[in-house]
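Asks: Sequence first, predicted model second:
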Amino acid sequence: MDEYPISMADLEKRFATQAACLNYLAWLRWPSGFVCPRCASDKGWKMEKGLILCAGCRRQQSVIAGTVFQDSHMPLPTWFRAMWHVCANKNGMSAQNLQRLLGLRSYNTAWLCLHKLRRAMVRPGRECLSGVVEADETYVGGPREGKSGRGAFGKQIVFIAAEVRGRKIGRIRLSHIPGVSGATLVPAVSESVVTGAAVRTDGWKGYNGLTNGGYKHEVAVENEEELSDIVLPKCHLVISLLKRWILGTLQGNVGKDHLQDYLNEFTFRFNRRDSKSRGLLFYRLAQMAVVTAPNPRSKIVPPQDVVAG
């Protein structure tokens, strides 16, 4: 089986039916052959509607059970088109545009689809950053964009880690964090950066515990008067691009309940910014979608929320 479609026309030809989509997802989920998630048997028989009967425990296993697509009423060919559009647009798209492109009746359906895909854009168990890594925080949302000192009122805090690859930026990690104390920042680094790496920060005391955590802590700025955007250029370029993307593609609409979803999308796009193949991006997203746990609407939309962006 070819790994991925090369164009929208190719995608619509290859994945025009539910059965074709199910076969592709089964191949992505079990590239070496079926393995029962319950008993680990590697033998089974294909049944109708994407079901596999395990020869070991005799239970029926759905290809899409335990994936992003579980319990969705949207046909898989429509999901595949949604993934293609998300990957084919360099800066992403709004739910309104996706609704129009897919011909969906409900705006909320498009919005929910996008957020489920965003939650699949961060691969479980992904490798941590390594080498020399810059780390910093910024503030987004609130009445005004920008950073007016740590603890800016009404804004959400984003932790940024960026690999230094000579003059270039390697991979990045972005996390929505509740505060800027050491109790928050040191775990944020440990979740993003491999132990033993060199972590370059400014003089903020919240990073003082990094050495005890097994990192080589390089303090690049000793006081607030020095320009951290000069000594931490990788982080601050990422911050600038992130805020521009939030204001442009998302029109500044990033509530705290869904901020991490948007950060996942930005990270997915940034870390694959040099890819020339939209089909390959589609393939990577589909790969992650079959290993991402289902997120029902109740987990994505808090009861008090009104879906608006």
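Replies: Ah, there it is.

Asks: what are the ranges of the strands in the stretch 51-200 of the chain?
Replies: Per DSSP state E, counting those that start in this stretch, the stretch 51-200 of the chain carries strands over the ranges 51-54, 60-62, 132-140, 156-165, 168-177, 198-201.

Asks: looking at the ones you listed, which is closest to L281?
Replies: Closest approach to L281 among the strands of the stretch 51-200 of the chain is made by strand 168-177 (15.6 Å; CB to CB). All C-beta spots, glycine's among them, are computed from the backbone N, C-alpha and C.

Asks: in the top helix by length along the chain, what counts as buried?
Replies: Secondary structure of the chain per DSSP state H: the longest helix is helix 233-248. By neighbour count on 16 or more other CB atoms under 10 Å, the buried set for helix 233-248 is P233, K234, C235, H236, V238, I239, L241, L242, K243, W245, I246.

Asks: Tell me which of the strands of the stretch 51-200 of the chain is the most buried.
Replies: Among the strands of the stretch 51-200 of the chain, strand 132-140 has the highest mean neighbour count (mean count of other CB atoms under 10 Å), at a mean of 24.

Asks: Mind checking the pLDDT average for the longest helix of the chain?
Replies: In this model, helix 233-248 has a mean pLDDT of 94.

Asks: now the following helix or strand past that helix and strand 168-177, what's the angle there?
Replies: Following helix 233-248 in sequence order, the next helix or strand is helix 259-271 (DSSP states H and E). Helix 259-271 runs at 170 degrees relative to strand 168-177, counting by axes from the mean of the first three to the mean of the last three CA atoms, to 10 degrees.

Asks: how about helix 259-271 as CSV, C-alpha atoms only?
Replies: Provided in CSV are the C-alpha atoms of helix 259-271 (Å, rounded to 0.1, in the frame of the first residue of the first chain):
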residue,chain,number,x,y,z
LEU,A,259,-5.0,26.9,24.4
GLN,A,260,-3.0,23.6,24.5
ASP,A,261,-4.8,22.3,21.5
TYR,A,262,-3.7,25.4,19.5
LEU,A,263,-0.1,25.0,20.8
ASN,A,264,-0.2,21.4,19.6
GLU,A,265,-1.1,22.5,16.1
PHE,A,266,1.5,25.3,16.0
THR,A,267,4.2,22.8,17.2
PHE,A,268,3.1,20.2,14.6
ARG,A,269,3.4,22.7,11.8
PHE,A,270,6.6,24.3,13.0
ASN,A,271,8.5,21.0,13.5
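
Asks: Now the helix or strand encompassing S298: buried residues?
Replies: S298 is located in helix 297-300, with elements delineated by DSSP H and E. By neighbour count on 16+ other CB under 10 Å, the buried set for helix 297-300 is I300.

Asks: Stretch 126-133 now?
Replies: C128, L129, V132, V133.

Asks: Give me the residues contacting it.
Replies: Contact partners of stretch 126-133, identified using CB atoms under 8 Å, 6 or more residues apart in numbering, comprise 161-165, 170-173, 191-194, 197-200, 218.

Asks: rerun that using 7 Å as the cut-off
Replies: With contact meaning CB atoms under 7 Å, 6 or more residues apart in numbering, stretch 126-133 is reached by 161-164, 171, 173, 192-194, 197-200.

Asks: Need the distance between the two termini of it.
Replies: 16 Å (CA to CA, to the nearest Å).

Asks: swap in stretch 250-261?
Replies: End-to-end distance (CA to CA), stretch 250-261: 12 Å.

Asks: before we move on, what SS does the nearest residue to P5 once chain neighbours are set aside have?
Replies: Take P5 and drop its neighbours on the chain: the residue closest to it by CB to CB, 6 or more residues apart in numbering is L11, 3.9 Å away. Under DSSP: H, G, I helix; E, B strand; the rest coil, L11 falls in the helix class.

Asks: who touches L11 in this structure?
Replies: P5, F80, W84.

Asks: Check what contacts stretch 16-25 and list those residues.
Replies: With contact meaning CB under 7 Å, 6+ apart, stretch 16-25 is reached by R14, F15, G50, V63, I64, P75, L76, P77, F80, V290.

Asks: scratch that, stretch 161-181
Replies: 129, 131-135, 137, 150, 156-160, 184, 188-189, 192-193, 204, 206, 234-235, 237-238, 259-260, 263, 266-267, 270-271.

Asks: Check stretch 66-77 too.
Replies: Residues contacting stretch 66-77 (CB under 7 Å, 6+ apart): 15-18, 21-22, 37, 64, 79, 109, 113, 116-117, 120, 289-290, 292-294, 296.

Asks: Give the ChimeraX command for selecting the buried subset of these.
Replies: The ChimeraX selection below is limited to those of the contacts of stretch 66-77 classed as buried (16+ other CB under 10 Å):
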select :15,21,22,64,79,109,113,116,117,120,289,290,292,294
